[in-house]
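Visitor: The following comprises the amino acid sequence and a computationally predicted model.
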Amino acid sequence: MADFNALEWFGFYLVVGTCMLVLLRLYVTLVLRPPGDSEFVTEMIAIRADEPYDWRKTAKSALFIPLAVLVWPLSVGVG
């Protein structure tokens, strides 16, 4: 077996984490949740349509994804 340096191990860690999170998301979407939108989601979409766009919510969402990939064992354990 080839010897890996720290950067290669970190890359492997990130690739495995990304794959795990994508697979878990697909599992939740396809298996655990019903195919249609729930009443709650429909009401929230109607409420959000009246609100002005807030870039901070988008920024928080964009920052969460890389953080979840970095700490994916915790994400998988909690989920």
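Guide: On my side now, so go ahead.
Visitor: the bottom helix or strand of this structure by mean pLDDT?
Guide: The least trusted helix or strand in the chain, going by mean pLDDT, DSSP states H and E, turns out to be helix 39-50, with a mean of 62.
Visitor: For the chain, give me the ranges with low pLDDT.
Guide: The model of the chain has pLDDT under 70 over residues 1-2, 34-51, 53, 75, 79.
Visitor: counting contacts, what elements does the one helix or strand A59 maps to pack onto?
Guide: Using DSSP states H and E, A59 sits within helix 55-70. Using 3 or more C-beta pairs under 8 Å, 6 or more residues apart in numbering; DSSP states H and E, the elements in contact with helix 55-70 are helix 6-27. The way it works is simple: take the backbone N, C-alpha and C, and place the C-beta from them, glycine included.
Visitor: Contacts only, for the residue positioned nearest the centre of the chain.
Guide: Note on the chain: the residue nearest the mean C-alpha position is I65, at 5.5 Å, using C-alpha atoms, centre = their mean. Residues in contact with I65, defined by C-beta atoms under 8 Å, 6 or more residues apart in numbering, are absent; none qualify.
Visitor: Burial check on W72, number of neighbours?
Guide: 20 (other C-beta atoms under 10 Å).
Visitor: Just give the nearest non-adjacent residue to it, would you?
Guide: With sequence-adjacent residues excluded and distances taken as C-beta to C-beta, 6 or more residues apart in numbering, W72 is closest to G17, at 3.2 Å.
Visitor: what sits against that neighbour?
Guide: V69, L70, W72, P73, S75.
Visitor: Looking at those, which one is closest to L23?
Guide: Closest approach between the contacts of G17 and L23, by C-beta to C-beta: W72, at 11.2 Å.
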